[in-house]
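Enquirer: could you work out the structure for the sequence below:
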Amino acid sequence: HWEEGQEMLDSTGFNYTADTIHMCMFSGRVEGLLGTLKSMALNTVDPSKIHMWIVTDNHTALAEASEMLGDVKLNLHTLDIDVVEQELLEDGFKPVWHWEEYGSSLSGHGADWDRNWVNENSALPASWDHSTMHMHKLNHLRFYIPYMRVFRDLDNIIFLDDDLIIQGDVQAAWKAKDILPKEHVMVGSCKVWKYSDHSGTFAPRENAMYFDSTALAMAGRPEEETFCNSNLTEFCVNKNHYTNLYRRFDEINGGKLDFETQKEWNYGFSLLDLKAWREKELTAVYENWMHANYEDHIFCETSLMYGLGIAFLAFYDHVSCWESLTNSEFVVRDGLGFVTYPEIVFSGTDVSFVTETEVLHYDGFYKPWTPFTDTFFAIPYLKTLEGQTFQEYKSLLLNPETASKHDDFEDKFIVLADSDVDVNDYLRIFNQNPEVCLTTNHADWDRANYPQDLFVPYDDSKTFINENGFMRNMCCFSFVDHWLRHFEKDGLAYCSGTAGPDTREQIDLSIEASGIAGHIPRLCDWIGMNGGGAHNSSKLFTQFFQKFFRGDSSQSPCRCLSFSKVVGAFVRAKWILAGEEDGLPWWQNIASVRPKIIHLKSQSHKHTIKRISEKQEKIEHKLQELGLTVLPVDTKKCSSSDSGCYKRFEKFLSLEHFHAYRI
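Expert: The predicted structure is shown next:
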């Protein structure tokens, strides 16, 4: 049931008991409210113990969510942000967003920061780090929670984001207030994700420190490697940055700032000790850091360093981690809005990352209700909306086929390009359509989407040689074929654990030298699927080709997104001809799958030498012979910057028109 919270702001009229669980959320998103609140109600033994306060500036969204939720047994109260703000002012607080300096680091163009604001103390953000959400008043309001009238008599509260799925009883989290160390005011999630240049993926870090965090500019680099210079002009710091930061820390916090003693944490689902917070006057500490930031021009307001880095400094030495505090009895997992399930597997983790956790946090751009969310990670959200508890959908998550199957494609296609056609822009733009799963190197979700060189011959992709550790290499046929040949003799014995010590040591050394350790589990899957017999590239190609167009990623770390309706592969005409000469059954598999063909034809067809012209004619003749549905595209007339071309493609594939192409 929902109640207006305003009449409660200056009273304690609710009948709270010792078992009451107090919670607070800032939200105006229908989708977020539905998933977070419904999952909490479904998986908490007694949801009537929960009093949830929702601060919002979007009462329409709350009304819509209320109607869709029905009676979830939670005690839900709304607080208008303008009312909360006014009462803070009346009580003598002047929140940061009311300061005269607020907004002074902006250039006046959205999230762009003003380079004239920068001085010798400043840290320059990375190109990806620019969002006004970091300076939004709701981001600052978190630091005034202990003094909001409705909470000022409470000792504890759970603060949570609205992009969560709760899979456990929040009563277990509430009990953590009794074991929180005296000097700490917060319990947060401390298992974070870090990007690996070696694998081209994110990987989990159990003990990431402030030193490792992008929120404080260091990102695991020694200080001397973070200074701006002619070769480093972003995500760097100016010459006086650290000297000033250490000085300010001593003034505000007292003592020495040590980046390597503090664990990195996330707000997503956090237990706050409001009584200890008030005693330690941490809101004043936060405001002092904000004053220092505006006076010294340390972090621009649209950066993560401003939005989270300053919070790190204010909460220094005052944060516990869920897993260590509760001995893993209550676990919060972050990152589900920017990592993918294949990355979890590639990093050596498994489905337990999702099934052995009480809270899933979809922090990042790809929320579970958006088209670009990870297929597997969307399941808890979708099943929650259907009214299923975690225990009811857990078996679906544990089923190995769930993470690797996508059986409902409405159509299949190949983008077939002549030798001299520049396809990059066509592929990049067309793959922006959430209904299309197309092999490309320029996808919005490019770490786990199928790569452009899915079917490229090994010799044509030199990057494999120097970048064997990249996760997406395992998605390419020629990479798999090459390494299966490498393990042809002893692969089955090695993978089954029956190889002798000398053989195993020899292969281990080879794996270490080649940098393919992360690929071994899936290479072993391929070896096992074929019984460990003599390697057969033709047979492997058929298996690989058929699996891709069936949406079966059981042997691949790449996959299509959950909203994909059609699946397509980019293929150069010359790859088919060369593959046929090497015994790869290209035409046999094309005839079997019968994909539609978008044929990007050469702009200089009339001027090509006779040999190339004959090859192009051979391709066209074969397409006609197989009776395939073909859309010929003259790339001279249909350029990649022509929106009309994409309407033709959509009509050809029976897709609805997508209105948001970034051409």
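Enquirer: from now on I want contacts and neighbour counts done on CA atoms only, so please keep to that.
Expert: Will do.
Enquirer: shaky segments in the stretch 451-600 of the chain?
Expert: Where the stretch 451-600 of the chain drops to pLDDT under 70, the residues are 461-466, 532.
Enquirer: how about Met209, what does it touch?
Expert: Going by Cα atoms under 8 Å, 6 or more residues apart in numbering, Met209 touches 259-264.
Enquirer: now with 6 Å, please.
Expert: By Cα atoms under 6 Å, 6 or more residues apart in numbering, the contact set of Met209 is 260, 262-264.
Enquirer: so which of these is the closest to Trp586?
Expert: Glu264 (50.3 Å; Cα to Cα).
Enquirer: return the distance of Glu358 relative to Ile54.
Expert: 21 Å (Cα to Cα, to the nearest Å).
Enquirer: for the contacts of Met209, work out which two are farthest apart.
Expert: Pairwise over those, using Cα to Cα, the maximum falls at Glu260 and Glu264, 9.9 Å.
Enquirer: quick one: which of those two has more around it?
Expert: Just comparing Glu260 and Glu264: by other Cα atoms under 10 Å the higher neighbour count belongs to Glu264, 26 against 13.
Enquirer: who is the closest residue to the more buried one other than its chain neighbours paired with across the strands?
Expert: Excluding the flanking residues, the one nearest Glu264 by Cα to Cα, 6 or more residues apart in numbering is Met209, at 4.9 Å. Listed beta-bridge partners, Met209: Lys263 (assigned using DSSP bridges).
Enquirer: and Met209, how far from Asp459?
Expert: Met209 is 42 Å from Asp459, by Cα to Cα.
Enquirer: ditto for Val423
Expert: 20 Å.
Enquirer: just Glu234 next, same as before
Expert: Distance from Glu234 to Asp459, by Cα to Cα: 36 Å.
Enquirer: do Ala65 as well
Expert: For Ala65 relative to Asp459 (Cα to Cα), the value is 55 Å.
Enquirer: neighbour count winner among Glu234 and Asp459?
Expert: Applying other Cα under 10 Å to Glu234 and Asp459 shows that Glu234 carries more neighbours, namely 15 against 10.
Enquirer: return the distance of the closest residue to Asp350 other than its chain neighbours relative to Tyr381.
Expert: Of all residues not flanking Asp350 in the chain, Ile344 sits nearest, at 6.5 Å (Cα to Cα, 6+ apart). For Ile344, the distance to Tyr381 equals 19 Å [Cα to Cα].
Enquirer: swap in Ala403?
Expert: When Ala403 is compared with Tyr381 (using Cα to Cα), they lie 15 Å apart.
Enquirer: what does Gly533 give?
Expert: 43 Å.
Enquirer: which one of those two is surrounded by more residues?
Expert: Tyr381 (25 against 13).
Enquirer: helix or strand for the more buried one, which one?
Expert: Applying DSSP states H and E as the criterion places Tyr381 in helix 378-385.
Enquirer: list the buried ones in that helix?
Expert: In terms of neighbour count (16 or more other Cα atoms under 10 Å), helix 378-385 has its buried residues at 378-381, 383-385.
Enquirer: kindly export the helix or strand that it is followed by (C-alpha atoms) in CSV.
Expert: Using DSSP H and E, the helix or strand that follows helix 378-385 in sequence is helix 390-398. Listed next in CSV are the C-alpha coordinates belonging to helix 390-398 (Å, rounded to 0.1, in the frame of the first residue of the first chain):
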residue,chain,number,x,y,z
PHE,A,390,14.1,-16.5,-7.1
GLN,A,391,13.6,-20.1,-6.1
GLU,A,392,11.1,-20.5,-8.9
TYR,A,393,13.4,-19.2,-11.7
LYS,A,394,16.7,-20.4,-10.2
SER,A,395,16.5,-23.7,-12.1
LEU,A,396,16.3,-21.8,-15.4
LEU,A,397,19.5,-20.0,-14.6
LEU,A,398,21.2,-23.2,-13.7
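Enquirer: for the record, mean pLDDT for the helix or strand following helix 390-398?
Expert: Per DSSP H and E, the first helix or strand lying C-terminal to helix 390-398 is strand 411-417. What strand 411-417 shows for mean pLDDT is 95.
Enquirer: ok, stretch 275-284 next?
Expert: For stretch 275-284, mean pLDDT is 97.
Enquirer: next: stretch 103-115.
Expert: Stretch 103-115 carries an average pLDDT of 84.
Enquirer: what is the end-to-end distance of that stretch?
Expert: Terminal residues of stretch 103-115 lie 13 Å apart, using Cα to Cα.
Enquirer: just stretch 22-31 next, same as before
Expert: Length of stretch 22-31, first residue to last, Cα to Cα: 22 Å.
Enquirer: just the buried residues of it, please?
Expert: 22-31.
Enquirer: give me the contacts around that stretch.
Expert: 51-56, 58, 61, 65, 157-160.
Enquirer: how far does it sit from the chain's center?
Expert: Distance of stretch 22-31 from the chain centroid (Cα atoms, centre = their mean, to the nearest Å) equals 21 Å.
Enquirer: same deal with stretch 262-277?
Expert: Taking Cα atoms, centre = their mean, one finds the center of stretch 262-277 at 22 Å from the center of the full chain.
Enquirer: render the CA-only coordinates of it in PDB, please.
Expert: Output of stretch 262-277 as PDB, limited to C-alpha atoms (Å, rounded to 0.1, in the frame of the first residue of the first chain):
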ATOM      1  CA  GLN A 262      40.800   1.600   1.300                       C
ATOM      2  CA  LYS A 263      38.600  -0.800  -0.600                       C
ATOM      3  CA  GLU A 264      36.600   0.500  -3.500                       C
ATOM      4  CA  TRP A 265      32.800   0.200  -2.900                       C
ATOM      5  CA  ASN A 266      29.500   0.800  -4.500                       C
ATOM      6  CA  TYR A 267      26.300   2.500  -3.200                       C
ATOM      7  CA  GLY A 268      23.800   0.300  -5.000                       C
ATOM      8  CA  PHE A 269      22.500  -1.600  -1.900                       C
ATOM      9  CA  SER A 270      23.900  -0.100   1.300                       C
ATOM     10  CA  LEU A 271      23.200  -0.200   5.000                       C
ATOM     11  CA  LEU A 272      23.700   3.200   6.700                       C
ATOM     12  CA  ASP A 273      24.300   3.800  10.400                       C
ATOM     13  CA  LEU A 274      22.600   7.200  10.700                       C
ATOM     14  CA  LYS A 275      23.400   7.600  14.300                       C
ATOM     15  CA  ALA A 276      27.200   7.100  13.800                       C
ATOM     16  CA  TRP A 277      27.000   9.300  10.700                       C
END
